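Enquirer: Build me a model:
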Amino acid sequence: MCRDYNLQQCGDGTWSIVSKATQTPITFKGRMQIALTEEAAQKAFAILERIEVENDQQSKDGRQY
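Expert: Next up, the predicted model:
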């Protein structure tokens, strides 16, 4: 589970990825993560989770990213 982001289903059936801290949509790869299909939202969320895990591992190893 992502520490910093949540998936949020909107009233119109689309999906957004929002910051847990601000509850506002995030920008990822230069695009606002709003009005996504569920599949696109899940894929982007999975990438964000992997990035978070990699960054955590690098921090534990003493490497900077």
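
Enquirer: Where does pLDDT dip in this protein?
Expert: For the chain, applying pLDDT under 70 flags the ranges 63-65.

Enquirer: If we ignore the residues flanking it in sequence, what's nearest residue 32?
Expert: residue 25 (5.5 Å; CB to CB, 6 or more residues apart in numbering). C-beta here means a position set from N, CA and C on the backbone, and glycine is covered the same way.

Enquirer: Provide the partner residues of that neighbour in its beta bridges.
Expert: residue 18 (DSSP bridges).

Enquirer: and it, how many neighbours?
Expert: Residue 25 has 18 neighbours, counted by other CB atoms under 10 Å.

Enquirer: And for residue 36?
Expert: Residue neighbour count, defined by other CB under 10 Å, stands at 21 for residue 36.

Enquirer: Which stretches in the chain count as strands?
Expert: Here the chain has its strands, by DSSP state E, at 5-9, 15-19, 27-28, 31-32.

Enquirer: nearest to residue 57, of those?
Expert: In terms of CB to CB, the element of the strands of the chain nearest to residue 57 is strand 5-9, at 18.2 Å.
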